[in-house]
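**Student:** Got a sequence here, can you model it:
(one chain, ligands or ions: 1)
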Amino acid sequence: MIFAFTTMSNKPKEKNTSKSDTMDSIISLCKRRGFIYQGSEIYGGLAGTWDYGPYGIALKNNVKNLWWKRFVSDREDMYGMDAAILMNQKAWVASGHVGGFSDPLVECSNCKRRFRVDQIIDEDDYKEDVKKFRNFVHLYIDSGETKKAANEAIDKNYKISEFLSLSEQKKKDFLNKVNEIIPIANIAAIEGILGQIEKLESYSGKFARFYLNQKVTCPSCGVKDKWSEPRQFNMMFRTTVGAVESEDAVSYLRPETAQGMFVNFKNIMDSFHPKMPFGIAQIGKAFRNEIAPRDFLFRVREFEQMEVEYFIDPKNWEKYFDMWEKIRMDWCLEIGLPKEKIHIREHAAEELSHYSKRTTDIEFDYPFGQKELYGLAYRTDFDLNAHSKNSGVDLSYFDEETKKRFIPHVIEPSVGVDRAVLAILTSAYVEDEMNGEKRTYLKLAPSVAPIKIAVFPLLKNKPELVKKAEEIYVILKKQFGAVEFDDNGNIGKRYRRQDEIGTPFCVTIDFDTIEKNAGVTVRDRDSGKQERVSEKDLIKYFSEKFQ
Ligand code: GAP
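**Tutor:** I've put the predicted structure just below:
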């Protein structure tokens, strides 16, 4: 039985704060209340690492468990696994990570700080300049014409290789013409980029340097024109396995969990003989030596991924792509992310990773902007093909029905646990006023809240209240696990403490509970409203709330 209980609380008023203030407040709450601490804090920290405290790990485990339930254990076509972080270096050569897993890095020679080029430039402006330059190349190849022709050439395709094959004199003539029209750099400088033109989009080389020197001020020291030439920097953490430091002993901390699943494709096939389509899933640590870790948990050097490699016949790829689109969206809503903050972004052709034929990202409105949360890629047969070729092991699949043998294609939903935790924390963080007092609380969905229910005796010094509260606490704890007992300080303070860690419900045992057998009060975190619930109905009441 549930009793209505009138409350004194007014409807809470939410307060507006700036984006960086919000991030600072969230980081400070996370530290104060034992969610997340800076990594190695007592030694001054280690950039790009964060340590999860008791409430943080409880929240994170809830996120991982919900993912595992929806993506693995609720399904009949999924195989879970946990591969080693260290893998034979050949796996990383085959996957393309040794050759290509890199970001363009640039150094300011004034303050010696390094930055990822794509994070300090205005990408649209840069691309516009690249386009202009390429169009001049096109112009020259076509006709050596005038400025008008240059403008007309915009948006046309052109062949850089043809330009590179011109005689030195012709290149120089062209460069003179370029210099008349775009004063982006002097001729000598432009000459320097000849060998780099193919790489323009990767922000490498001299063109990127000229662009930076002309247009970008160092975000750290504010000086312009001191940029080094950007260089590609491999983001894998390299290590050696065993006592001998030879090239043969090199391995890497995995930058994605995916490869551990591809190299076990045959093992799973041999042990379980699955029929396609089927998937392999794992949750595990990944490491990337990010040049500029930032935005709290968003871009870190050590993080966790939750990935599925779903093996399909290529003729069905669109159907399974759509299937995983829906599953990942449902999961985002299940962990409590507000629908209006979730956006799906299709990758443009030139943005696709080397292995992908189609990628869509779920982007999320973090306080620092709309950024990637959850990727979905059609990886084709790139990985199994590469591992098959490099290992010499046949990774094909024989379809009994069609009698066809082929290398399966892959759809891959991949999300970072830490980015999901950050999305949850930033969207749940609320500052409001309740009963004329300021309060801060986390509007967490019960499914992810580290503590689901807190149980209080109204007064600490009344043994009969404490005894009853302890009895109820034991019953609720046995049933729901994440239940906390608190008798410290006045009741208002206890509510505030639970609000701050996002506990959806507080149960208070008062004199009416004991003297009038009137049940307990259950307070709702978001509204502050209380209702009385009889003791015998408590489990049913909360079971319904947590459904
Ligand atoms: N296996 C595919 C893959 O690794 P990705 O887009 O590079 O693709 C997948 O990474 C997800 O991992 C991202 O959508 C993001 O949620 C998370 N992630 C990637 N780099 C991260 C970083 N430095 N810090 C935190 N999370 C990261």
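**Student:** and the residue of this structure nearest the ligand?
**Tutor:** Gly416 (2.7 Å; Cβ to the nearest ligand atom). All C-beta atoms are positioned from the backbone trio N, CA, C, and that covers glycine.
**Student:** Give me the distance between Asn385 and Val410.
**Tutor:** According to Cβ to Cβ, to the nearest Å, Asn385 and Val410 sit 10 Å apart.
**Student:** In this structure the residue of the chain closest to the ligand contacts Gln305, no?
**Tutor:** Yes - counting by Cβ atoms under 8 Å, Gly416 touches Gln305, with 5.7 Å between them.
**Student:** Pull up the residues of the stretch 401-547 of the chain that are close to the ligand.
**Tutor:** Residues of the stretch 401-547 of the chain lying near the ligand by Cβ under 6 Å from any ligand atom: Glu412, Ser414, Val415, Gly416, Asp418, Arg419.
**Student:** Just give the closest residue to Arg231, not the sequence neighbours.
**Tutor:** Leaving aside its sequence neighbours, Arg231 sits nearest to Leu105 (Cβ to Cβ, 6 or more residues apart in numbering; 5.8 Å).
**Student:** partner strands of the helix or strand harbouring that neighbour, parallel or antiparallel?
**Tutor:** Assessed by DSSP states H and E, Leu105 sits inside strand 102-107. Strand 102-107 sits in its sheet next to strand 114-116 (antiparallel), strand 231-234 (antiparallel), going by DSSP bridges.
**Student:** if you compare those, which one is most tucked away?
**Tutor:** Mean neighbour count (mean count of other Cβ atoms under 10 Å) peaks for strand 114-116 among these, with a mean of 19.
**Student:** residues in contact with that strand?
**Tutor:** With contacts defined as Cβ atoms under 8 Å, 6 or more residues apart in numbering, strand 114-116 is touched by Asp103, Pro104, Leu105, Val106, Glu107, Cys108, Cys218, Pro219, Ile291, Ala292.
**Student:** out of those residues, who has the most neighbours?
**Tutor:** Ranked by the number of neighbours (other Cβ atoms under 10 Å), the contacts of strand 114-116 place Val106 first, at 26 neighbours.
**Student:** Low-confidence ranges, the protein, go.
**Tutor:** Low-confidence segments of the chain, defined by pLDDT under 70: 1-18, 132-166, 171-172, 174-202, 204-207.
**Student:** near the ligand, which residues of it?
**Tutor:** 256, 258, 288, 290, 299-300, 303, 305, 307, 372-375, 412, 414-416, 418-419.
**Student:** 8 Å instead, please
**Tutor:** Applying Cβ under 8 Å from any ligand atom, we find that the chain lies next to the ligand at 48, 255-258, 286, 288, 290, 293, 297-301, 303, 305, 307, 353, 361, 372-375, 377, 412, 414-416, 418-420.
**Student:** Quick check: the gap between Glu372 and Asp125.
**Tutor:** With Cβ to Cβ as the criterion, Glu372 and Asp125 are 22 Å apart.
**Student:** These two: which has the busier surroundings?
**Tutor:** For Glu372 and Asp125, the more surrounded residue by other Cβ under 10 Å is Glu372, and the numbers stand at 15 against 12.
**Student:** Can you point out the helix or strand that includes that one?
**Tutor:** Using DSSP H and E, Glu372 maps to strand 369-380.
**Student:** strands paired with that strand, and their directions?
**Tutor:** As assigned by DSSP bridges, strand 369-380 forms pairs with strand 358-366 (antiparallel), strand 409-416 (antiparallel).
**Student:** Correct me if wrong: Ser353 contacts Thr380.
**Tutor:** No - the criterion here is Cβ under 8 Å, and Ser353 misses it with Thr380 at 10.8 Å.
**Student:** And the strands in the stretch 1-150 of the chain?
**Tutor:** 2-4, 13-14, 36-38, 50-52, 78-80, 102-107, 114-116 (DSSP state E, counting those that start in this stretch).
**Student:** want to throw these into CSV with distance to Met329?
**Tutor:** Shown next, in CSV, are the strands of the stretch 1-150 of the chain (distance: least, Cβ to Cβ, whole Å):
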stretch, distance to Met329
strand 2-4, 34
strand 13-14, 26
strand 36-38, 26
strand 50-52, 26
strand 78-80, 18
strand 102-107, 29
strand 114-116, 30
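**Student:** Quick one: closest of those to Lys60.
**Tutor:** strand 50-52 (5.8 Å; Cβ to Cβ).
**Student:** Give the other helices and strands that the closest one contacts.
**Tutor:** Contact here means 3 or more Cβ pairs under 8 Å, 6 or more residues apart in numbering; DSSP states H and E; on that basis strand 50-52 packs against strand 36-38.
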